[in-house]
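Enquirer: Just the structure for this:
(2 chains)
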Amino acid sequence: MALRIYDTRSRMKKNFIPLVEGKVSIYVCGITPYSPSHLGHARQAISFDIITRWFRKLGFQVTYITNFTDIDDKIIKVALEENIDFQEVSKRNIDNYFDVMDKLNVLRADEYSKVTETIPEIIDMISILMNKKHAYIAEDGVYFEIDTAPEKYGQLTGQTLEMVRSGAGGRVGQTGGGKRDHRDFALWKNAKSGEPYWPSPWGNGRPGWHIECSAMSLKHLGETFDIHGGGRDLMFPHHEAEIFQSECCLDRENVVKYWLHNGMINVDGEKMSKSLGNFTTISETFDSVKPLALRYALLNAPYRQPIEFNQSMLEESQMHYNRLLNTYLEAANIATSGVWSKNIFLNSVTERFTQGMNDDFNTRIAFVEVQSVIKKLQELISNGNKEDTISAFLGWLDEFAGDVLGLIPGVDELNTLAEEIDKKRNDISVLVEELLIQRQKAREEKNWEYADEIRDKLNSMNVIVEDSPQGPKWKIED
RNA sequence: GCACGGAUGGCAGAGCAGCUAUGCAAGGGAUUGCAGAUCCCUGGACCCGGGUGCAAAUCCCGGUCCGUGCUCCA
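Expert: As a prediction, the model looks like this:
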């Protein structure tokens, strides 16, 4: 069963064939840390988290590189507004990024490359482009000259030089002070007074936006690599600029073998973005929903599809996630140790799950299978099935809902959670047990009114009472 | 305007030629004093108009509507 992935450049799903057998090299454009991370960043990070997890599951040795654009105009702007060093701005937002991504169970990349730590490589690359006459010096910096490689234009977006020329309309001439052509883009920006800068052969300044990714992917992954990822909105001009830079610098085509782009998060049908002001930060979202429930929400559609974000989808995901976790915990209480491979039901589930994931990482299909396992597991539990069967199902959930989809909290986290609940339980258990005895007595006397009164009282203590054939059970609402 | 996507039941959202998607919601039932949790069953859909095929939600042509990109953006 071959893995098929959608390549933006060729606009079709292709069988994945790595450059080096058994290995995958991945570079994904990261964030510009000028403000706290929003849901769009979560979607990108989770999409590629899933992709790397699946590659590992298939047995590939994965090298996953991403980056922080830790110097740019917006960071400088914030720093000036707050009268602090630009590095303070980037550091606090990078801290926020790691904080929320850890909570979302996004595994760490092998490397988080920073622009400020890649300046020599960037300068080298620009020098090569200068030597090869692909770049020119203008009054305000160094620019890449599109006309030196016109055939490379529009590889990801299907546009030609002419289309952009005519379509740009009023924008022509407005952008980039020293550009010869409005479609040229900056490789190096000269520093204005008061701005942070690095010395270079072309004067003090800082890198343009696009060159960093070409330099960083070259630095960490070499001249060619398997997958380059990022949000759809980066296709043009950012990724097309990368194609110009890397291919012209290295004198080769297909530096990147497969281009992958994740879909956007929408609000009221429109893309969530800073400029529209319709964004929600990840931290804010955690106020109303658990991190892994948000993860669930963002994996509920295949990574390329847009996702409509609103309160009801969040609530629905919270419910699904709760059901998954509750079932998992219930099973864990019964299970001993789990080997699922001999179970026919689980074998067929695994096959469909794998087919789904192998079809361009279709997590929606994977979720359907997880749901069917949960359902079956509930049935097994309520029928008082044998421990080893339940253990097998638990083992499956650990492997697929846990390791692959990242929806089960880690052992440490579960233990901490269990300790907290135990502690809360212990604090009130004497009282609760006593009330339950009174309630049972009332129930035996068919004094339903009093019995319900006690249950209401327990509810107000965040205690949920569930009657069962084995007598009442209670748990603390979280 | 140009480029690239998308339009599926009340909602979310797969499928992309033949076989029940799935979940939520709705209706019915089991269990229960009631509730909760859980399980079972039911109805309900493929934007419009043409075409190709034995067969089309799925392919082709023409519309309509929506989104993204063409400026910083995950």
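Enquirer: Mark out where each domain of chain A begins and ends.
Expert: With automatic domain parsing serving as the domain definition, the record reports that chain A contains domains spanning A:4-262, A:282-404, A:419-476.
Enquirer: first to last residue in the longest one, what's the distance?
Expert: Across domain A:4-262, the straight-line distance between its terminal residues is 16 Å, by CA to CA, to the nearest Å.
Enquirer: is it anywhere near RNA strand B?
Expert: Yes: legend: contact between domain A:4-262 and RNA strand B by CB under 7 Å from any atom of the strand is shown at A:11, A:29-32, A:39-41, A:43-44, A:69, A:72, A:74, A:154, A:157-159, A:163-164, A:166-168, A:171, A:175, A:182, A:185, A:209, A:230-238, A:262. Bear in mind the C-beta positions are built from the backbone N, C-alpha and C, glycine included.
Enquirer: re the thing from before, for the domains of chain A, which has the smallest mean pLDDT value?
Expert: In terms of mean pLDDT, the lowest-scoring of those is domain A:419-476 (a mean of 88).
Enquirer: Whether that one contacts RNA strand B - can you check?
Expert: Yes: judged by CB under 7 Å from any atom of the strand, domain A:419-476 comes into contact with RNA strand B through A:443, A:448, A:451-452, A:455, A:464-469.
Enquirer: so what's the residue in the stretch 201-350 of chain A positioned nearest to RNA strand B up against?
Expert: Of all residues in the stretch 201-350 of chain A, the one sitting closest to RNA strand B is A:Gly231 (2.2 Å; CB to the nearest atom of the strand). The neighbourhood of A:Gly231, defined by CB atoms under 8 Å, 6 or more residues apart in numbering, consists of A:29, A:40, A:43-44, A:261-262, A:264.
Enquirer: try it again with 7 Å
Expert: Shown here is A:Gly231, whose contacts under the criterion CB atoms under 7 Å, 6 or more residues apart in numbering are A:40, A:44, A:261-262, A:264.
Enquirer: from those, which is closest to A:Arg4?
Expert: Taking CB to CB as the measure, A:Arg4 lies nearest A:His261 of the contacts of A:Gly231, at 15.9 Å.
Enquirer: Excluding chain neighbours, what is closest to the closest one?
Expert: Take A:His261 and drop its neighbours on the chain: the residue closest to it by CB to CB, 6 or more residues apart in numbering is A:Arg232, 4.5 Å away.
Enquirer: hang on, isn't the one you found packed against A:Gly263?
Expert: Yes: taking contact to mean CB atoms under 7 Å, the distance of 6.0 Å between A:Arg232 and A:Gly263 places them in contact.
Enquirer: Determine the longest helix present in chain A.
Expert: Taking DSSP state H as the criterion, chain A has its longest helix at helix A:411-444.
Enquirer: tell me what that helix is packed against?
Expert: Counting contacts by 3 or more CB pairs under 7 Å, 6 or more residues apart in numbering; DSSP states H and E, the secondary-structure elements packed against helix A:411-444 are helix A:448-460, strand A:473-476.
Enquirer: Run through the helices of the stretch 151-300 of chain A in chain order.
Expert: Along the stretch 151-300 of chain A, counting by DSSP state H, counting those that start in this stretch, helices occupy A:161-167, A:211-221, A:240-250, A:282-285, A:291-299.
Enquirer: Any idea which of these gets closest to A:Val115?
Expert: Proximity to A:Val115 (CB to CB) singles out helix A:211-221 among the helices of the stretch 151-300 of chain A, at 4.6 Å.
Enquirer: Run through who's touching that closest one.
Expert: With CB under 7 Å, 6+ apart as the test, helix A:211-221 has contacts from A:25, A:27, A:29, A:63, A:65, A:67, A:69, A:111, A:113, A:115, A:118, A:121-122, A:125-126, A:187, A:225, A:242, A:245-246.
Enquirer: 6 Å instead?
Expert: Counting contacts by CB atoms under 6 Å, 6 or more residues apart in numbering, the residues outside helix A:211-221 that touch it are A:25, A:27, A:29, A:65, A:67, A:111, A:113, A:115, A:118, A:121-122, A:125, A:187, A:242, A:245-246.
Enquirer: before we move on, what about stretch A:66-86?
Expert: Outside stretch A:66-86, the residues that reach it (CB under 6 Å, 6+ apart) are A:28, A:30, A:32-34, A:89-90, A:94, A:109, A:113-116, A:195-196, A:206, A:216.
Enquirer: Going by neighbour count, list what's buried in stretch A:111-124.
Expert: Of the residues in stretch A:111-124, those with enough neighbours to count as buried (16 or more other CB atoms under 10 Å) are A:111-116, A:118-119, A:121-123.
Enquirer: Sort out which of the residues you listed are in strands and list them.
Expert: Judged by DSSP state E, strands contain the following of those: A:111-114.
Enquirer: just those residues now: which is nearest RNA strand B?
Expert: Here the nearest of those to RNA strand B, counting by CB to the nearest atom of the strand, is A:Tyr112; it sits at 13.1 Å.
Enquirer: What separation do you get for that closest one and A:Arg183?
Expert: From A:Tyr112 over to A:Arg183 the distance is 31 Å, taken as CB to CB, to the nearest Å.
Enquirer: now swap in A:His38 and tell me
Expert: Taking CB to CB as the measure, A:His38 and A:Arg183 are separated by 29 Å.
Enquirer: cool, and A:Glu477?
Expert: Following CB to CB, the distance that separates A:Glu477 from A:Arg183 is 58 Å.
Enquirer: again with A:Asp124
Expert: The spacing between A:Asp124 and A:Arg183, counted by CB to CB, is 25 Å.
Enquirer: from the stretch 1-150 of chain A, which residue is nearest to RNA strand B?
Expert: When distances are taken as CB to the nearest atom of the strand, the stretch 1-150 of chain A approaches RNA strand B most closely through A:Gly40, which lies 2.2 Å from it.
Enquirer: That residue against A:Asn266, yeah?
Expert: No: under the criterion of CB atoms under 6 Å, A:Gly40 is not in contact with A:Asn266, lying 10.0 Å apart.
Enquirer: Those two: who's more crowded?
Expert: Comparing A:Gly40 with A:Asn266 by neighbour count (other CB atoms under 10 Å), the higher total belongs to A:Gly40, at 24 against 16.
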